[in-house]
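Engineer: have a look at this prediction, sequence included:
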Amino acid sequence: MATIGFIGLGNMGGPMAANLLKAGHTLKGYDLSAEAVARFQEAGGTASASAADAVTGVEIAITMLPAGRHVEAVYLGEDGLIAKAGAGTLFIDSSTIDVATARKVAGEAEAAGMAMVDAPVSGGVGGATAGTLTFMVGGPDQAFESAEPILEVMGKTIVHAGGAGNGQAAKICNNMILGISMIGVSEAFVLAEKLGLDHQKLFDISSTASGQCWSLTTYCPVPGPVPTSPANRDYQAGFTAAMMLKDLKLAQEAANASGANTPLGAEASQIYSLFAGAAEGNGEIDFSGIVRFLRGVR
């Protein structure tokens, strides 16, 4: 069993840390939210006074942070994790951030003699709680091999995507597909409503025909056909519209920087930007709630 520092104990990080504790690992944790820290302590973790304190005396440090600027701030500088962690610490960053920042931080870790992987996740809060996340991992082979047993406690599918930053590249490409497909599925249901076609009938047909996709069969944006989808809980978020917008923007930044042509990705980013900003609180509902926006319900 390992001693692990975990920084970022929110909606995703909290249940991920809890699964590590259930598996018998010893965890020190830090978060700006006192409520998140309290839940972590209830699960058996030890609270730390700072991010730097959370990586003191640990073998592995895991971070789950909101954006690239937070990752850079936590890892770099005189009081950063790279400077404060012990020799040989393995860093696992499961934040979803831009590729350039992931590669910059990994380079600094390597220069300091540390191992690091970027390991963003797919699967939402439900997957984090159930321990069924998909990890897309970027980093050297040896670092991946060291991280894999820890990731397997928190996830079901662990894929080594290549060198540093490739985990982030895979994540933003995957979520661009997801954002585009959810809009397409939602548009189809809105059109079906206008044409007098029942939701269940469209689902029964398209789920077994060429329109089949994850956004339809697992995360259906209308109530009824898939009882576990957020549509049946008034779009209580598993993955918020604001987070989808963040990932779509990251994809567009990467597309612009690399010269990739992604017109549907760009359009999806614009639509989610309008949706998330259309009314107070829209950004915090589930991204599948885009169907309400397409109906004209704000």
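Structural biologist: Arrived safely, thanks for sending. Given the structure is predicted, the values throughout are model-derived calculations rather than measurements. Numbering: from 1, shown residues only.
Engineer: flag every buried residue along the longest helix along the chain.
Structural biologist: The longest helix of the chain (DSSP state H) is helix 166-195. For helix 166-195, the neighbour count (16 or more other C-beta atoms under 10 Å) marks 166-183, 185-186, 188-190, 192 as buried. Placement of C-beta: from N, CA and C, glycine included.
Engineer: pLDDT below threshold where in this structure?
Structural biologist: Within the chain, the segments meeting pLDDT under 70 span 278-280, 297-298.
Engineer: can you list contacts of stretch 242-258?
Structural biologist: With C-beta atoms under 8 Å, 6 or more residues apart in numbering as the test, stretch 242-258 has contacts from 67, 96-100, 168-169, 171-173, 175-176, 178-179, 182, 260-262, 265-266, 268-269, 272-273, 275-276, 283-284, 287.
Engineer: all helices for the protein, in order.
Structural biologist: Per DSSP H, the chain carries helices over the ranges 13-22, 34-42, 51-54, 68-75, 81-84, 99-111, 124-130, 141-154, 166-195, 199-206, 214-217, 241-258, 263-276, 290-295.
Engineer: so which residue is smack in the middle of this protein?
Structural biologist: Against the mean C-alpha coordinate of the chain, by C-alpha atoms, centre = their mean, the closest residue is residue 121 at 4.6 Å.
Engineer: what residues are up against it?
Structural biologist: Residue 121 makes contacts with 12, 94, 96, 127, 128, 133, 134, 135, 136, 155, 171, as judged by C-beta under 8 Å, 6+ apart.
Engineer: hmm, residue 230 is touching residue 238, no?
Structural biologist: Yes. Counting by C-beta atoms under 8 Å, residue 230 does reach residue 238; the two are 5.5 Å apart.
Engineer: identify each buried residue in stretch 55-69, please.
Structural biologist: 55, 58, 59, 60, 61, 62, 63, 64, 65, 68.
Engineer: quick one on the thing from earlier: so which of the helices of the chain is nearest residue 234?
Structural biologist: Using C-beta to C-beta as the measure, helix 290-295 is the one of the helices of the chain that comes nearest residue 234, at 10.1 Å.
Engineer: can you list the domains in this structure?
Structural biologist: What automatic domain parsing lists as the domains of the chain is 3-163, 169-295.
Engineer: can I assume residue 238 is in contact with residue 123?
Structural biologist: No. Contact criterion C-beta under 8 Å: residue 238 and residue 123 do not qualify, at 9.0 Å.
Engineer: distance of residue 173 from residue 179?
Structural biologist: Going from residue 173 to residue 179 by C-beta to C-beta, to the nearest Å gives 11 Å.
Engineer: also residue 153?
Structural biologist: In this view, residue 153 and residue 179 are 29 Å apart by C-beta to C-beta.
Engineer: ok, now residue 121?
Structural biologist: Distance of residue 121 to residue 179, computed by C-beta to C-beta: 16 Å.
Engineer: residue 216 now?
Structural biologist: Distance, residue 216 to residue 179, using C-beta to C-beta: 14 Å.
Engineer: contact partners for the residue lying closest to residue 213 once chain neighbours are set aside?
Structural biologist: If the residues on either side of it in the chain are set aside, residue 213 comes closest to residue 181, at 5.1 Å by C-beta to C-beta, 6 or more residues apart in numbering. The contact partners of residue 181, taken as C-beta under 8 Å, 6+ apart, are 213, 214, 215.
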